[in-house]
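Chemist: Pasting the sequence and the predicted coordinates here, then a few questions.
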Amino acid sequence: MSDNRTKIFNKDKICPQAEHCGGCKFQGMSYDEQIAEKDKSIRRLLEKHDIDESLYLGIEPAVSVLRYRNKMEYTFGDLEKGGELELGMHYRGRFMSIITTDECQLVPDDFNRVLRATLEFCRLRGYRPYHRKTHEGLLRNLVVRCGVRTNELLINIVTASSLVFDEEGFREMLLGLDLDMQIVGIMRTFNDSVADAVIDESHKLLYGRDYYNEEILGLKFKVKAFAFFQTNIEAVERLYGDVLNLVPDVSGKTVYDLYCGTGTISQLMASRAKDVYGIDIVSDSIEAARSNTELNGIENCHYICGDVKEKLDEIPQKPDVIVVDPPRAGIHDKAVKMLCSYGIDEIVYVSCNPKTLCINLDLFRELGYEIKQIKAYDNFPLTSHVETVCLLSNRKPDARVKIDVDLEDYYRIKDEQKKNKASE
């Protein structure tokens with residue numbers, strides 16, 4: 001590879017937290033080596049699941065190798081028990097320890113500036129992090145998001161609700177920073193849950209608004225603070241373009257966009273389709289999807305909030321085209337069965353986790369679908385993560401497996417087959 005990607009990763013500049021931060025895996029490795037390693041891991045998965053390697057189209061290199069993330073969730077904590085306050089990522093191999101990551105290469109420089117200023121602000125006031133075992137302390141997370149096309153910055157500090165926090169001082173401190181982007185919103189989210197996650201039990205707007213604006217492939221999107229949105233805008237534009245090319249003829253057809261997030265794929269297909277139905281379990285995402293549809297003047301997108309496997313039956317029209325883009329856990333077996341029961345010609349599966357993709361593909365194939373092609377995308381350089389797009393095609397009726405079998409019977413049969421094979 002002769003472009004600047006290789007040159008960048010051949011330099012000596014390595015993140016000073018690289019050895020201990022759990023965020024990056026490939027620091028110090030040339031880009032050629034990174035791509036080769038990811039390609040090998042996917043080929044191993046395909047072999048493990050008996051997927052014909054000739055169907056694999058390889059891995060598409062990154063569009064940008066640095067500063068590509070538009071969202072980060074940082075955690076407050078300490079490196080050693082009772083030590084100085086830290087803000088950043090979990091220390092590799094030590095879940096209870098946090099290491100400050102204010103020189104991260106995956107994010108815009110403004111993210112590092114906001115992190116550094118927030119940490120100093122909290123240290124000066126003697127604030128303590130929320131402890132996962134004792135459930136005491138104030139500070140939990142700092143979430144920073146930005147609009148790559150709009151240059152807008154949204155900042156959200158997550159705290160317990162029972163202790164005092166200097167909201168006015170925090171707002172004025174942030175607004176006084178010398179930043180490249182424009183701060184459009186500052187929030188304080190209250191979270192008293194014992195779960196180690198960013199949970200919005202309630203929130204308070206300290207400045208501006210609780211969303212930022214973004215643009216993808218000519219469409220405008222309002223991204224709310226807790227809505228899912230792709231973290232690498234340049235890369236996802238390329239990926240979505242490829243998804244649209246896999247189903248070029250949707251004229252007059254009904255499209256299902258499942259795990260739709262803020263409705264990006266829905267709206268991109270809406271200009272040609274008859275109707276598009278999106279389902280997502282995150283209420284913020286569905287609210288944003290509806291708002292974005294109105295913002296773009298689209299009238300044939302319809303959204304349902306809830307679990308895909310429980311809400312499919314609520315859609316009044318049967319699908320002609322299905323696109324799925326599930327979270328890392330993949331698709332529930334019940335939902336896979338329901339998708340196959342429609343018997344449509346093709347299903348496009350967008351995955352952020354090749355492992356769960358392959359597990360789902362095992363069941364899709366059992367239920368009558370064959371893999372036409374798989375392509376990987378390196379949308380997250382320096383990390384181990386890979387995006388994948390798979391096109392599934394319905395086999396001829398005489399080659400299909402009956403899908404009216406109950407899933408319990410399906411797994412009972414599979415277990416029996418494994419036992420018989422083991423005894424041979």
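Modeler: Great, that's in hand.
Chemist: which stretches of this structure aren't confidently modelled?
Modeler: Confidence mapping of the chain against pLDDT under 70 gives the ranges 1-13, 396-424.
Chemist: Excluding covalently adjacent residues, which one is nearest to the residue nearest to the spatial centre of it?
Modeler: Centroid check for the chain by Cα atoms, centre = their mean gives Gln230 as the closest residue, at 5.7 Å. Nearest residue to Gln230, sequence neighbours excluded (Cβ to Cβ, 6 or more residues apart in numbering): Val236, at 4.0 Å. For the C-beta atoms, the positions are set from N, CA and C on the backbone; glycine is no exception.
Chemist: my hunch is that that neighbour is in a helix, does that hold up?
Modeler: Yes - under DSSP: H, G, I helix; E, B strand; the rest coil, Val236 falls within a helix.
Chemist: Ile216 is in contact with that one, correct?
Modeler: Yes - at 7.0 Å, Val236 and Ile216 qualify as touching, with contact defined as Cβ atoms under 8 Å.
Chemist: Between these two, which contacts overlap?
Modeler: Common neighbours of Val236 and Ile216, using Cβ atoms under 8 Å, 6 or more residues apart in numbering, are Thr264.
Chemist: can you list the domain ranges for this structure.
Modeler: Residue ranges for the domains of the chain, per automatic domain parsing: 1-68+232-250+320-424, 71-216.
Chemist: now do the same end-to-end measure for the shortest one.
Modeler: The straight-line separation of the ends of domain 71-216 (Cα to Cα, to the nearest Å) is 16 Å.
Chemist: Please tell me how far it is from the chain's geometric centre.
Modeler: Domain 71-216 sits 19 Å away from the centroid of its parent chain (Cα atoms, centre = their mean, to the nearest Å).
Chemist: Also stretch 302-316?
Modeler: What separates the centre of stretch 302-316 from the centre of its chain is 21 Å, taken as Cα atoms, centre = their mean.
Chemist: ok, now stretch 238-254?
Modeler: Centroid separation for stretch 238-254 versus its chain: 21 Å, with Cα atoms, centre = their mean.
Chemist: which residues sit against that stretch?
Modeler: For stretch 238-254, the surrounding residues in contact (Cβ under 8 Å, 6+ apart) are 60, 63, 216-217, 264-265, 268-269, 272-277, 317-321, 323, 346, 348, 350, 375, 377, 379, 387, 389, 391.
Chemist: and if you look at stretch 75-82?
Modeler: Contact with stretch 75-82 is made by 84-91, 96-99, 122, 129-130, 139-142, as judged by Cβ under 8 Å, 6+ apart.
Chemist: Ok, stretch 296-303 next?
Modeler: Identification of contacts with stretch 296-303 by Cβ under 8 Å, 6+ apart yields 219-220, 260, 263, 266-267, 270-271, 273-280, 286, 289-290, 293.
Chemist: May I have the distance across it, first residue to last?
Modeler: Using Cα to Cα, the end-to-end distance of stretch 296-303 comes to 15 Å.
Chemist: Which positions within it qualify as buried?
Modeler: The neighbour-count check on stretch 296-303 (16 or more other Cβ atoms under 10 Å) flags 296, 298, 300-303 as buried.
Chemist: what does stretch 150-161 give?
Modeler: Neighbour-count burial for stretch 150-161, with 16+ other Cβ under 10 Å as criterion, is recorded at 150-160.
Chemist: Tabulate these in TSV, adding columns for distance to Pro354 and secondary structure.
Modeler: Listed next are those as TSV, based on distance: Cβ to Cβ, whole Å; DSSP: H, G, I helix; E, B strand; the rest coil:
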residue	distance to Pro354	secondary structure
Thr150	32	coil
Asn151	33	coil
Glu152	32	strand
Leu153	32	strand
Leu154	31	strand
Ile155	33	strand
Asn156	31	strand
Ile157	34	strand
Val158	31	strand
Thr159	36	strand
Ala160	37	coil
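Chemist: Please produce CSV containing these, extended by distance to Thr118.
Modeler: Formatted as CSV, those follow (distance: Cβ to Cβ, whole Å):
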residue, distance to Thr118
Thr150, 22
Asn151, 20
Glu152, 18
Leu153, 13
Leu154, 14
Ile155, 8
Asn156, 11
Ile157, 7
Val158, 12
Thr159, 12
Ala160, 16
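Chemist: how about the helices in this structure?
Modeler: With helices called from DSSP state H, the chain shows them at 4-10, 31-48, 109-124, 167-175, 233-246, 264-270, 283-295, 308-311, 333-341, 354-366, 407-423.
Chemist: picking that back up, contacts only, for the residue nearest to the centre of the chain.
Modeler: Applying Cβ under 8 Å, 6+ apart, the residues near Gln230 are 236, 261, 264.
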